[in-house]
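In: fold the following for me, if possible:
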Amino acid sequence: MILRVGPLADDPLDAAAQFHADILPQARALLGQDDDLTLVFAPGGHEHHGWRLAVVQALARDHAPRRVNAVAGASEQAVAAAADWLTLAQGITGQYLRLDGQDAGSVL
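Out: Numbers count the residues shown, from 1 in each chain. Purely as a prediction, here's the structure:
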């Protein structure tokens, strides 16, 4: 399942508070349906990395064996590709992936 997050405040403390108040209850409700969850954040600066990763890791621990991951990016194509990959990568959980929207190219 995919949950789109935002828009959130620019300030990281305000964004984290907003996430916990508005989005966290939705995420927990979706995880209660016995499905894996991918959170999709808008791109954010490095100052948002810590709280986003902490949220994803805590949700993954609290709801194991369901998997919880997050991606951040502006490209819908990159978000879709990452979400598809995460669906297939059954061992990946508690991760926050920042996407740049650039095609990785073909595998050599």
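In: if I look at residue 101, what pLDDT would I see?
Out: Here the pLDDT value assigned to residue 101 is 64.
In: lowest confidence element among the helices and strands of this structure?
Out: Lowest on mean pLDDT, DSSP states H and E among the helices and strands of the chain sits helix 76-88, with a mean of 93.
In: okay, now residue 4: neighbour count?
Out: Residues lying near residue 4 (other C-beta atoms under 10 Å) number 12. Yep, even glycine has a C-beta here, placed from its N, CA and C like the rest.
In: the residue most central in space within the chain sits in which helix or strand?
Out: For the chain, the residue nearest the mean C-alpha position is residue 70 (1.6 Å; C-alpha atoms, centre = their mean). According to DSSP states H and E, residue 70 maps onto strand 68-72.
In: so the residue nearest to the residue nearest to the centre of the chain when sequence neighbours are not counted is in which element?
Out: Spatial nearest neighbour of residue 70, chain neighbours left out: residue 39 (4.0 Å); criterion: C-beta to C-beta, 6 or more residues apart in numbering. Secondary structure from DSSP H and E places residue 39 in strand 37-41.
In: now do that strand, average pLDDT.
Out: 97.
In: where do the strands sit along this structure?
Out: Under the criterion DSSP state E, the chain contains strands at 2-4, 37-41, 68-72, 96-98.
In: the first one: partners in the sheet, and parallel or antiparallel?
Out: Read that as strand 2-4. strand 37-41 (parallel) (DSSP bridges).
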